[in-house]
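>>> for reference, the sequence and a predicted model appear below.
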Amino acid sequence: MDAGESVIDPVIAALSDAGCVREINEDCVLFERPTDADLRNSKGHLLLVADGMGGSLAGEVASATAAEVIRSGYYRSSTADPGEALQEALLDANREVFRLAKDDPRFQGMGTTCVALALVGRSAYACYVGDSRIYLVRDSAIYLMTEDHSVVSDMVKRGLITRAQARTHDDRNVILQALGTRDKVKISSWEHPLDVALGDAFVLCSDGLHDLLEDEDIRSLVEGEEPRTACTRLVELAKQRGGDDNVSVIVALMVAQKKEARPAPGQTREMDVMP
């Protein structure tokens, strides 16, 4: 790549809200921007949404623990392939959340969903468990990039109900896989990294958002907007429609930036974490 050639560099914003009904926010959102050039080139940016379960303190502990284990494990991994490193990090998180739940009666039965996205140069890698989601907004269209590990998703696949019926089904929040609920978990991932294009926008969200917003709502509020504004409008709309669960979202917009225009790194990494 020539010194003056544009590179893709994401603009990222995140927002997590307790919603209109719950007193405690059991979601955790995290994104990290390495300022070390070698780390940035090899592992890129990490984005994560975790939706904890287990009631009271337990759900909050599960999501925060998973987020920190994944962040630390991903960036410390010696595995060269970002997709493999991300999957290993989620497996480590499952073991740690399960251990805490087993060792401390206060945390018995806790677990967390998780969607994690690594943006490395012009490639995107994803791993996920549960019913938190990743969407891609591209060229005025929106694509669901993950598959819910849920009862209703399984019913849709088997042709028992439609996707529209799944949105209002009584079991729509019953999930089949989560981090920490068992000693072993099946991590889903993209078979191949996704080629990223300028103008792409990734949306990571908990079910507190996608249960209340149609895909078209998400597309219309994200397309053409600065990520921070998009996050605010998405959460506000979910709350206007009831906000009966915690609501969390990350928006990452792929923009061009000249390599020589990058500021000199001032610290090892810059990180934003929200409980």
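Arrived safely. Residues are numbered from 1 along each chain as shown.

>>> counting contacts, what elements does whatever helix or strand C114 lives in pack onto?
Element membership of C114, judged by DSSP states H and E, is strand 111-120. Applying 3 or more Cβ pairs under 8 Å, 6 or more residues apart in numbering; DSSP states H and E, we find strand 111-120 packed against helix 37-43, strand 45-53, helix 56-76, helix 82-103, strand 123-129, strand 133-138, strand 201-205, strand 247-258. All C-beta atoms are positioned from the backbone trio N, CA, C, and that covers glycine.

>>> ok, which of those comes nearest I8?
Evaluated with Cβ to Cβ, the helices and strands packed on strand 111-120 place strand 247-258 nearest to I8, the distance being 5.1 Å.

>>> pull that closest one out as CSV, backbone CA atoms only.
The C-alpha coordinates for strand 247-258 follow below in CSV (Å, rounded to 0.1, in the frame of the first residue of the first chain):
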residue,chain,number,x,y,z
VAL,A,247,-31.1,-1.7,25.5
SER,A,248,-27.5,-1.8,24.2
VAL,A,249,-26.0,-0.9,20.8
ILE,A,250,-22.7,-0.3,19.1
VAL,A,251,-22.5,1.3,15.6
ALA,A,252,-19.2,1.2,13.6
LEU,A,253,-19.0,3.2,10.4
MET,A,254,-16.2,2.3,7.9
VAL,A,255,-14.6,5.5,6.7
ALA,A,256,-11.4,6.4,4.8
GLN,A,257,-8.4,7.9,6.6
LYS,A,258,-5.0,8.8,5.2
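
>>> any idea how far that strand is from the middle of the chain?
With Cα atoms, centre = their mean, to the nearest Å as the basis, strand 247-258 stands 12 Å off its chain's centre.

>>> show the average pLDDT along it.
Taken as a whole, strand 247-258 has a mean pLDDT of 91.

>>> again, but for stretch 106-126
Per-residue pLDDT over stretch 106-126 has a mean of 96.
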